[in-house]
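Peer 1: just to be clear, the model below is a prediction. Sequence and coordinates:
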Amino acid sequence: MAREVKFFTFLQFQWDTMNEFLYRNKQKLHLRLKAAQALKVFLQHPGELISKAELKAAIWPESRLVENNSIVANSRTLGYRLCIES
């Protein structure tokens, strides 16, 4: 049975996979739900290019209609949080 990773560490950040929290230098950062889900997808696929379709399926599995703007906005929000906090 594969051991589940509890934390992903990158730069000065740490992603708690059990509670889905992002920390910077042990300080908890607020991420909106969809941005947190996008981060989880990116961390599970390091070094891989994730298509919009794959991201949509991972973040909005129940929805058939998701505007491209929603995907871009959540990715942009995540990038902004990581850049402003670093």
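Peer 2: Yep, it's here.
Peer 1: so what touches the helix or strand harbouring residue 76?
Peer 2: Taking DSSP states H and E as the definition, residue 76 sits inside helix 68-85. Under the contact criterion CB atoms under 8 Å, 6 or more residues apart in numbering, helix 68-85 has outside partners 11, 13, 22, 24, 29, 31-32, 34-35, 38-39, 52, 55-56, 59-60. Quick note: C-beta positions are derived from backbone N, CA and C, even for glycine.
Peer 1: try 6 Å this time
Peer 2: 24, 34, 35, 38, 39, 52, 55 (CB atoms under 6 Å, 6 or more residues apart in numbering).
Peer 1: show me which of those residues are buried.
Peer 2: Neighbour-count burial within those applies to 34, 35, 38, 39, 55; the criterion is 16 or more other CB atoms under 10 Å.
Peer 1: mind putting those into CSV with distance to residue 78?
Peer 2: As requested, these are arranged in CSV below (distance: CB to CB, whole Å):
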residue, distance to residue 78
34, 9
35, 4
38, 5
39, 6
55, 11
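Peer 1: so which of these belong to helices?
Peer 2: Among the buried ones among the contacts of helix 68-85, the members falling in helices (DSSP state H) are 34, 35, 38, 39, 55.
Peer 1: distance check, the residue most central in space within the chain against residue 82.
Peer 2: To find the centre residue of the chain, average its C-alpha atoms and take the closest one (CA atoms, centre = their mean): that gives residue 39, at 1.0 Å. The gap separating residue 39 from residue 82 is 8 Å, by CB to CB, to the nearest Å.
Peer 1: quick one on the thing from earlier: so which of the ones in helices among the buried ones among the contacts of helix 68-85 is the closest to residue 48?
Peer 2: Top of the list for closeness to residue 48, among those and by CB to CB, is residue 55 at 11.5 Å.
Peer 1: contact partners for the closest one?
Peer 2: The contact partners of residue 55, by CB under 6 Å, 6+ apart, come to residue 71.
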